[in-house]
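**Student:** Let's see this in three dimensions:
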Amino acid sequence: MVKVALISCGAEYSGVYHEIERAIEMVGGEVVIPETDLQDVKEVDEEFGIIVKGGDLKLMMARAKSVAEDRCDADAAFVATCFRCAEGALVRNAVRKYLQDARIPVVAYSFTERSKAGNFLLRMEALVNIVRRKHLLARTKHEGLTVGVDSGSTTTKVVVMRDNEIIGAAWRPTVDIIETADKVLEEALRMAGVKLSEVEVIGTSGYGRFLIGKHLNAGIIQDEITVGAKGATFLAGKQKGDATILDIGGMDNKAITAHDSLPDSFTLGGICAGSSGRFLETTARRLGVDIMEFGEMATRGDYRKIKMNSYCIVFGMQDLTTALAGGAKAEDVAAAACRSVIDQIVEQQLQEITLRAPIIEVGGTSLIKGLVKAVREALGMEVIVPKYSQFAVATGIAFVASGAREEKGYEISSRVA
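**Tutor:** Numbering: from 1, shown residues only. You can find the predicted model right below:
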């Protein structure tokens, strides 16, 4: 049983505690509340370099210290504060960084009174898998013949791997989940020149991982955060050392920090479509070009020539349309849209992790050159877009499936209706 320390300013005393506990239990984990002592609470301001007034926040920091110093039997940590508390947000980030520096797998979250188990589920699943499947994620060489299926929100991708190399890869827009997966699998196998009966293990990930996993009798099913990090570092040749993986998706975004391919902190976005690939698709349609041409166009533009007052997909588009009506160049509008996406991610999402070079950009949007340029300029860091970047999750689960050849007992899970 993976033990996840709940470090919060008082979630354990509110209705949200049972939702957090339920989410952890659904993925095979257990909540633990770290013990600490009064002296730690009194001295914790100096330890963290931040002075807070709230007693609950001091207790929160003292509990984090207990976990970091291994005085608490915990494998990972979930740091949570109330959405409305500004002081809590500062402490949450300080505690997250403190634990990350201590190499404790950690994820931070701001909850509301409406937060339910479903809001925490993917985060908890990833947190538990970082610990429980560390031996699979830490492998540096793929062996055998395996298939990885990534059933994503907008596209389904399949990768076929043989002895550390990708020999087949295909994708299609996701329509019917099972039917799409079957078609993409058939195309990838044809490209690889192998039969399904020859495949040793199939792994599935993404939104439809449990449904597809049951349909294909998968040997392993795993969340897209942990296998996405594995796939990205493998494709980029960065399986050793630090890296930050950035996946700007069609419906949500993932930013994951990893060391030796093992994720140690991550953040998921999904509050506003204006920070997703959907905003870029909408802008490309308005400009009358396909998304690849849009990306090329954006590299030639200057985002500073377009005034944008909102990151919202509706009001941001209104700003772009107004600029076009005023005679703005399409290249500048495309560049402004790309810059808007990464600026919102920086301001609202990347504050929850500590970026580590290099940045490995993956997912379908990594093929949009203007967005990659905007990411590089906004972060001022090296950005790597590896070959097969759009297949990072499928590659990661195919890679992890290689390790599963030697083991039995990975669950199909009851999360399939």
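
**Student:** Ser276 contacts Asp247, doesn't it?
**Tutor:** No - at 10.8 Å, Ser276 and Asp247 do not qualify as touching, with contact defined as C-beta atoms under 8 Å. Yep, even glycine has a C-beta here, placed from its N, CA and C like the rest.

**Student:** between the two, which one's more packed in?
**Tutor:** In this view Ser276 and Asp247 are compared by other C-beta atoms under 10 Å, and Asp247 has more residues nearby, 28 against 25.

**Student:** In contact with the more buried one, which residues?
**Tutor:** By C-beta atoms under 8 Å, 6 or more residues apart in numbering, the residues touching Asp247 are Gly228, Ala232, Asn253, Lys254, Ala255, Ile256, Glu361, Val362, Gly363, Ser366, Ala392, Val393.

**Student:** repeat for Ala323
**Tutor:** Taking C-beta under 8 Å, 6+ apart, one finds Ile306, Lys307, Asp332, Val333, Ala336 in contact with Ala323.

**Student:** Does the third one touch Thr299 like I think?
**Tutor:** Right, Asp332. No - with contacts counted by C-beta under 8 Å, Asp332 stays clear of Thr299, the gap being 11.7 Å.

**Student:** between these two, what contacts are shared?
**Tutor:** By C-beta under 8 Å, 6+ apart, no residue touches both Asp332 and Thr299.

**Student:** list the buried ones in the helix or strand of the chain with the lowest mean pLDDT?
**Tutor:** Every helix and strand of the chain was ranked by mean pLDDT, DSSP states H and E. The lowest is helix 313-325, at a mean of 81. For helix 313-325, a neighbour-count test (16 or more other C-beta atoms under 10 Å) marks Ile313, Gly316, Met317, Asp319, Leu320, Ala323, Leu324 as buried.

**Student:** Please spell out the segments of the stretch 201-350 of the chain that come in under the pLDDT threshold.
**Tutor:** 270-271 (pLDDT under 70).

**Student:** any chance you could map the helices in it?
**Tutor:** Taking DSSP state H, counting those that start in this stretch as the criterion, the stretch 201-350 of the chain carries its helices at 209-215, 224-236, 277-287, 291-299, 313-325, 330-348.

**Student:** Give me whichever of those helices is most buried.
**Tutor:** Highest mean neighbour count of these: helix 224-236, a mean of 29 (counted as mean count of other C-beta atoms under 10 Å).

**Student:** How far does stretch 128-144 stretch from one end to the other?
**Tutor:** Its start and end residues considered, stretch 128-144 measures 26 Å (C-alpha to C-alpha, to the nearest Å).

**Student:** Distance to Gly15 for the contacts of Asp247 - can I get that in TSV?
**Tutor:** Below are the contacts of Asp247 laid out as TSV (distance: C-beta to C-beta, whole Å):
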residue	distance to Gly15
Gly228	32
Ala232	37
Asn253	28
Lys254	28
Ala255	29
Ile256	30
Glu361	39
Val362	37
Gly363	35
Ser366	40
Ala392	37
Val393	34
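
**Student:** Most neighbours among the residues you listed, which one is it?
**Tutor:** Neighbour counts for the contacts of Asp247, by other C-beta under 10 Å, peak at Val393, which reaches 34 neighbours.

**Student:** Pull up the per-residue confidence for the closest residue in space to that one that isn't next to it in sequence.
**Tutor:** Of all residues not flanking Val393 in the chain, Asp150 sits nearest, at 4.0 Å (C-beta to C-beta, 6 or more residues apart in numbering). We note a pLDDT of 97 for Asp150 in this prediction.

**Student:** Could you report the neighbour count for Asp150?
**Tutor:** Using other C-beta under 10 Å, Asp150 is surrounded by 35 other residues.

**Student:** Do I have it right that Phe399 meets Met161?
**Tutor:** Yes - counting by C-beta under 8 Å, Met161 is a contact partner of Phe399 at 6.7 Å.

**Student:** Looking at these two, which one has more neighbours?
**Tutor:** Phe399 (31 against 27).

**Student:** in stretch 396-412, what's buried?
**Tutor:** In stretch 396-412, counting by 16+ other C-beta under 10 Å, buried: Gly396, Ile397, Ala398, Phe399, Val400, Ala401, Ser402, Gly403, Ala404, Tyr410.

**Student:** which ones among those are found in helices?
**Tutor:** Counted as lying in helices by DSSP state H, out of the buried residues of stretch 396-412, are Gly396, Ile397, Ala398, Phe399, Val400, Ala401, Ser402, Gly403, Ala404.

**Student:** circling back to that earlier point, can you check which residues contact both of Ser276 and Asp247?
**Tutor:** Contacts common to Ser276 and Asp247, judged by C-beta under 8 Å, 6+ apart, are Asn253.

**Student:** Please work out how many residues are found near Cys312.
**Tutor:** With other C-beta under 10 Å as criterion, Cys312 counts 18.

**Student:** Could I get the contacting residues of it?
**Tutor:** Neighbouring residues of Cys312 by C-beta under 8 Å, 6+ apart: Cys272, Gly274.

**Student:** try 10 Å this time
**Tutor:** Cys272, Ala273, Gly274, Ser275, Phe279, Gln318, Asp319, Ser340, Gln344 (C-beta atoms under 10 Å, 6 or more residues apart in numbering).

**Student:** Now flag whichever of those residues is closest to Ala243.
**Tutor:** Among the contacts of Cys312, Ser275 lies closest to Ala243 (C-beta to C-beta), at 21.6 Å.

**Student:** ok, that closest one to Thr154 distance?
**Tutor:** 15 Å (C-beta to C-beta, to the nearest Å).

**Student:** of the two, who's got more company?
**Tutor:** Comparing Ser275 with Thr154 by neighbour count (other C-beta under 10 Å), the higher total belongs to Ser275, at 27 against 15.

**Student:** Nearest spatial neighbour of that one, chain-adjacent residues omitted?
**Tutor:** Using C-beta to C-beta, 6+ apart, the nearest residue to Ser275 is Gln344, at 4.0 Å.
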